[in-house]
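K.L.:
Prediction below, plus the sequence it came from.
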Amino acid sequence: MKTDEIRWDERYQNSRFPTSVSDVVKDHFHLANRGRALDIAGGNGRNALFLAEKGFLVDVVDISGVAIEMIQAQNPSIRCFREDLDRYIPKPDSYDLIINIHFLDRRLFPSIKNALKNNGILIFNTFLDSQFPSGPQPTDHRGHYLQSNELLHAFISFQIILYKEEAVVWSNGERRDAAVLVARKRDCLD
């Protein structure tokens, strides 16, 4: 069995990934103070590069050395951390903006809350499990997809700016359901 690192390195070497900034990032980054930003599972850096151009000091964490090299080749000022996200914990009270696009690790939810500064902005977009039939699944992939309203409930103590669940059509015609959350960490959390 391939490790996550090897699998993702191969995917970045052999696959095409989107290069344009995510719409939700492009439409909502301006809500955050221009300070430090964290891109969780930043991949090829499309969102991190955009944020750096907009004046943020950007940290990226990703398991793929290939992805990290791609980012560093385009903008060496972006701080990149090659980390297994199963064990990663961002520093508390460090970020004005955290983005998490097309990645899910529920274990990170409390760490994301702690890593955001007061009034920091969270932009989160990932897939729902609605494309799966009900009943037992043959693989563990279902754990990588949200239940309906799960993301909203996970960050309900934040000021919710935007929450929606929507169908997304990929360039290959595949339809996926996704949850989008934009939220501000309030001074007092429950």
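P.N.:
Great, that's in hand.

K.L.:
got the contact list for Phe127?
P.N.:
Counting by C-beta atoms under 8 Å, 6 or more residues apart in numbering, Phe127 touches 102, 104, 144-146, 176-179. The way it works is simple: take the backbone N, C-alpha and C, and place the C-beta from them, glycine included.

K.L.:
ok, now Ala52?
P.N.:
Counting by C-beta under 8 Å, 6+ apart, Ala52 has contacts 58, 75, 77-78.

K.L.:
Check what pLDDT Val169 gets.
P.N.:
Looking at Val169, its pLDDT stands at 71.

K.L.:
what does the one 5 residues further on give?
P.N.:
With respect to pLDDT, Glu174 has a value of 71.

K.L.:
Show me the beta-bridge partners of the residue nearest the centre of the chain.
P.N.:
Residue closest to the mean C-alpha point of the chain, counted by C-alpha atoms, centre = their mean, is Asn100 at 1.4 Å. Beta-bridge pairing of Asn100 under DSSP bridges involves Ile40, Phe124.

K.L.:
what residue ranges in this structure score low on pLDDT?
P.N.:
1-2, 5-19, 130-144, 170-173, 188-190 (pLDDT under 70).

K.L.:
Next, work out how far apart Asp23 and Asn47 are.
P.N.:
To Asn47, Asp23 is 11 Å away according to C-beta to C-beta, to the nearest Å.

K.L.:
give me the number of residues near Ser157?
P.N.:
14 (other C-beta atoms under 10 Å).

K.L.:
mind checking the SS state of it?
P.N.:
When states are read from DSSP: H, G, I helix; E, B strand; the rest coil, the local structure at Ser157 comes out as coil.

K.L.:
From what I see, it and Ala183 are in contact.
P.N.:
No. In this structure, Ser157 is not within contact of Ala183 by C-beta atoms under 8 Å, at 9.2 Å.

K.L.:
which of the residues in the helix or strand where Leu51 lies are buried?
P.N.:
For Leu51, the element it lies in under DSSP states H and E is helix 46-53. Neighbour-count burial for helix 46-53 flags 46-52 (criterion: 16 or more other C-beta atoms under 10 Å).

K.L.:
next one: stretch 81-94
P.N.:
83, 85, 88, 90, 94.

K.L.:
Quick one, which of the contacts of Ala52 are buried?
P.N.:
The buried subset of these - by 16+ other C-beta under 10 Å - is 58, 78.

K.L.:
and the residue nearest to His102 when sequence neighbours are not counted, helix, strand or coil?
P.N.:
In space, and not counting its chain neighbours, His102 is closest to Thr126: 5.7 Å by C-beta to C-beta, 6 or more residues apart in numbering. Here Thr126 is strand, with the state taken from three-state DSSP.
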